[in-house]
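Novice: show me the folded form of this:
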Amino acid sequence: MKYSIVIFLFCNLLCSEVYSQSQHTRNEQWLKEKSKVQNATVLLNNQTAVIPIQNLADNKIACVVFDSKGATTFDSTLNNYSKVTLFNRTDSTTLESSMADLSYDLKFYTTLIIQLNPKQLADKNVHRFIQDNQINKQVILAVFGDVQSLTSLEAIHIPIIWTAKQSDASANYVAQVIFGGMPAVARLPKNVSAKFTKGAGYTTSITRLSYTVPEELGINVEDLQKPINEIMTEAITQRATPSAVLMIVKDGKVIMNEAFGTHTYDEGALPTKKTDIYDLASVTKVTATTPSVMRLYEQGKLKLDSLVSLYIPKTRGTNKQNTPVRQVMLHEAGFTPFIPFFNDIKPNDFRRDSSAAYPIAASEHYYFRKDYFKDVMWPKMLNSALRDTGKYVYSDLSMYFMKEIVESLANDHLENYVQKNFYKGLGMQRAGYNPLYRFPKDAIIPTEVDTLFRDTLLLGYVHDPGASMVGGISGHAGLFSSSTDLAIFYQMLLNGGTYGGIQYFKPETVALFTSKQSRTSRRGLGFDRSDLKIKYPSELASANTFGHTGYTGIRVWVDKDVKLIYILLTNRVNPVTSSKLSDLNTSSRLMDAIYKALPEKR
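Specialist: As a prediction, the model looks like this:
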């Protein structure tokens, strides 16, 4: 299997009114430069349709740069689409021994993206390096500069993306073309050689998110930035949340991904970054459990009108045995909304240090005994009372049960199933359970100081008490993610189940689960939906809006009618749970401001 490398330029949106007017001018200039780059970027040797890269799940990608100009932009852009490891050789020689050492360092990568200019193409050692690596890797060449430099690549059959100018704008564009964020449309302007003739070039389509500026969609950045900054400044100064990341995607184009505040209110706290990882709380329900249900439904393994007892034998003989799966997904099964499991923790149930007998980590120094879920939590759920069956009663127990169904039908753990079936293939690098296993603490946003039983600041451990008691992996909570990963996932759903040239769901499956399916509530199957009567989640949201909210201050909404994705990540529970974010109506006001800036809403 082969690997790939790409990098991306992101346009910062700045805060003050005066500066944002200046930013508007720069954004317009950037668009003009982008148009020039698009008309001077040609894709060659793409007869096997390597570009845009499709397979990300089994692809270990590296990028090699020999020139510092545009290298940072190229690398950062690539990493918006997939994990791409940079090998920077801007300060080293291209002697044969150096190239041999570099090939050794790259031996475990399957796709190699090489950024080149005419100077490097004149070096025989660079050519030898390309030849050595194309034997067992997918190699992609990104060539910047004089078109005549292509003459040295006559014998090369691997994909080549050539662009006339070496700049940040061209590095950004080429990186996006590689992953399908931008199209390749141009042709060679003249005859270069017998192989590369005038008019040569391949056309590609956009298959993944594009990263651009609001002005490309006819939006003045000031019309977005000014109200958003005012609302977010208020939220932070009023201590509604110490940090936030706001992401806006319109028509498949990322027009804002901005960070606000600091990780905590403490002096010297880390400033928030747009790549920071947040505890998604109940957004787990629609980003992990529900898509797993959708996949099993499509495969015919799960039927919505079958009884829970068909899939969970332990429910037989309980009051849950005649409950249809559809009712569980609609929160109409009559399940108890919440069981405070933490009230019944006994001294022998936990230890402060982990061991084979106490392996389940609820926090850094709090470990539950093996089989605690099976012996204590699961029986309480199975024997819990039912009430108001057939009516809408939101319950976390619903997704505990759905996790059991998913794992029994998939023959796999939920955390593994979503990674293998969705996240890896989509290029979602930070989404997953238990982020401390994969990322440093400073990349993760702290949530609440837990006073229920853990008595510590929760950082990288799930906030939800019940989810923590099962090791941070549950159907109703436990997932962590960055804004970019969420944007990828929900763009796939907005696309009708397709992303990056791969179909994850049939359009009719997405339509079924995200549309109104209840006679007693606004809900879809797993998904929450807009309610125009109460102007939720925004007074301007259409009736075809779906998504979910999370207790930690997470909001994800997708408006099908205007092709808008709205993502707000906060840690409003830090240091203690607060209702101020809701009291200030922060999320709805942000959405209102975004809608009002859209050309079709003016």
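Novice: any regions of the stretch 351-500 of the chain where pLDDT drops low?
Specialist: By pLDDT under 70, the stretch 351-500 of the chain contains no weakly predicted segment.
Novice: which ones are touching the residue nearest to residue 320 when sequence neighbours are not counted?
Specialist: What sits nearest to residue 320 in space, not counting adjacent residues and going by Cβ to Cβ, 6 or more residues apart in numbering, is residue 308, at 5.6 Å. All C-beta atoms are positioned from the backbone trio N, CA, C, and that covers glycine. When contacts are counted by Cβ atoms under 8 Å, 6 or more residues apart in numbering, residue 308 touches 315, 320-321, 323-325, 328, 401, 405.
Novice: out of these, which are buried?
Specialist: Buried subset of these (neighbour count, 16 or more other Cβ atoms under 10 Å): 315, 320-321, 323-325, 328, 401, 405.
Novice: what would the residues you listed look like in a markdown table with distance to residue 185?
Specialist: Converted to a markdown table, the buried ones among the contacts of residue 308 look like this (distance: Cβ to Cβ, whole Å):
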| residue | distance to residue 185 |
| --- | --- |
| 315 | 56 |
| 320 | 57 |
| 321 | 59 |
| 323 | 54 |
| 324 | 51 |
| 325 | 47 |
| 328 | 48 |
| 401 | 50 |
| 405 | 47 |
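Novice: out of those residues, which is nearest to residue 195?
Specialist: Using Cβ to Cβ, residue 405 is the member of those that lies nearest residue 195, at 56.7 Å.
Novice: list the contacts of whichever strand or helix holds that closest one.
Specialist: Counting by DSSP states H and E, the element that carries residue 405 is helix 397-410. By Cβ under 8 Å, 6+ apart, the residues outside helix 397-410 that reach it are 284-285, 289-290, 292-293, 296, 301-302, 308, 311-312, 320, 325, 328-329, 331, 333, 335-339, 381, 384, 413-414, 417, 466, 474-476.
Novice: how far does stretch 93-104 sit from the chain's center?
Specialist: Here the centre of stretch 93-104 is set off from its chain's centre by 36 Å, with Cα atoms, centre = their mean, to the nearest Å.
Novice: check stretch 242-249 too.
Specialist: Per Cα atoms, centre = their mean, the centroid offset for stretch 242-249 relative to its chain is 13 Å.
Novice: for the record, mean pLDDT for that stretch?
Specialist: Averaging pLDDT along stretch 242-249 gives 98.
Novice: do the same with stretch 100-119
Specialist: 95.
Novice: straight-line length of it, end to end?
Specialist: 19 Å (Cα to Cα, to the nearest Å).
Novice: now do the buried residues in it.
Specialist: Those would be 102, 106, 109-118, for stretch 100-119 by 16+ other Cβ under 10 Å.
Novice: just stretch 229-243 next, same as before
Specialist: 229, 231-232, 235-236, 240-243.
Novice: hang on, the earlier thing: so which of the buried ones among the contacts of residue 308 comes closest to residue 157?
Specialist: The nearest one, if we look at the buried ones among the contacts of residue 308 relative to residue 157 and count by Cβ to Cβ, is residue 405, at 49.1 Å.
Novice: now which of the contacts of helix 397-410 would you call buried?
Specialist: 284-285, 289-290, 292-293, 296, 302, 308, 311-312, 320, 325, 328-329, 331, 333, 335, 339, 381, 384, 414, 417, 466, 474-476.
Novice: dump the residue contacts of residue 452.
Specialist: 342, 465.
Novice: on that earlier part again, okay if I get the buried residues of stretch 100-119 as a markdown table plus distance to residue 96 and secondary structure?
Specialist: Formatted as a markdown table, these follow (distance: Cβ to Cβ, whole Å; DSSP: H, G, I helix; E, B strand; the rest coil):
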| residue | distance to residue 96 | secondary structure |
| --- | --- | --- |
| 102 | 11 | helix |
| 106 | 16 | coil |
| 109 | 20 | coil |
| 110 | 24 | coil |
| 111 | 24 | strand |
| 112 | 18 | strand |
| 113 | 22 | strand |
| 114 | 17 | strand |
| 115 | 20 | strand |
| 116 | 17 | strand |
| 117 | 20 | coil |
| 118 | 20 | helix |
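Novice: next, give me the two most distant ones among those.
Specialist: It's 110 and 118 that sit farthest apart of the buried residues of stretch 100-119, by Cβ to Cβ, at 28.0 Å.
Novice: how long is stretch 537-545 end to end?
Specialist: 9 Å.
Novice: what is the mean pLDDT for it?
Specialist: The model assigns stretch 537-545 a mean pLDDT of 97.
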